[in-house]
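In: mind folding the following:
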Amino acid sequence: MLTSGAPGNEIEGPMATVILGGLLTSTILNLLVLPSLALRYARFEPSAMMEDGAF
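Out: Residues are numbered from 1 along each chain as shown. I've put the predicted structure just below:
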């Protein structure tokens, strides 16, 4: 069924590759890259948050 030769199915393989690539890229970006950039360049002090009783 996945590799059926029906008309119009020749676009589904490359489209699935692009969609999965985008999902994987955005997942890696959100889980690894953005938090490390936030820790590197953000202007906050974790000790100030601890004093307010937030944690």
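In: now do the helices in the chain.
Out: For the chain, the helices defined by DSSP state H cover 12-28, 34-41, 46-51.
In: pipe these into a markdown table and attach distance to residue 6, mean neighbour count and mean pLDDT per row.
Out: To be clear about C-beta, it is placed using only N, CA and C from the backbone, and glycine gets the same treatment. Below are the helices of the chain laid out as a markdown table (distance: least, CB to CB, whole Å; neighbours: other CB atoms under 10 Å; pLDDT from 0 to 100):
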| stretch | distance to residue 6 | mean neighbour count | mean pLDDT |
| --- | --- | --- | --- |
| helix 12-28 | 10 | 10 | 95 |
| helix 34-41 | 41 | 10 | 92 |
| helix 46-51 | 57 | 9 | 63 |
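In: TSV for those helices, including distance to residue 5?
Out: TSV is the format used below for these (distance: least, CB to CB, whole Å):
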stretch	distance to residue 5
helix 12-28	12
helix 34-41	42
helix 46-51	58
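In: tell me how far residue 41 lies from residue 10.
Out: Distance, residue 41 to residue 10, using CB to CB, to the nearest Å: 45 Å.
In: ok, now residue 20?
Out: For residue 20 relative to residue 10 (CB to CB), the value is 18 Å.
In: same question, residue 29
Out: 30 Å.
In: do the same with residue 33
Out: When residue 33 is compared with residue 10 (using CB to CB), they lie 34 Å apart.
In: now residue 44
Out: Distance, residue 44 to residue 10, by CB to CB: 51 Å.
In: now do residue 19
Out: Distance from residue 19 to residue 10, counting by CB to CB: 16 Å.
In: swap in residue 43?
Out: Relative to residue 10, and taking CB to CB, residue 43 is found at 51 Å.
In: show me which of the two is the more surrounded one.
Out: Taking other CB atoms under 10 Å, residue 43 and residue 10 do not tie; residue 10 has more neighbours (9 against 4).
In: measure that one to residue 16 for me?
Out: For residue 10, the distance to residue 16 (CB to CB) stands at 12 Å.
In: same thing with residue 32?
Out: The gap separating residue 32 from residue 16 is 24 Å, by CB to CB.
In: ok, now residue 7?
Out: Relative to residue 16, residue 7 is positioned 18 Å away (CB to CB).
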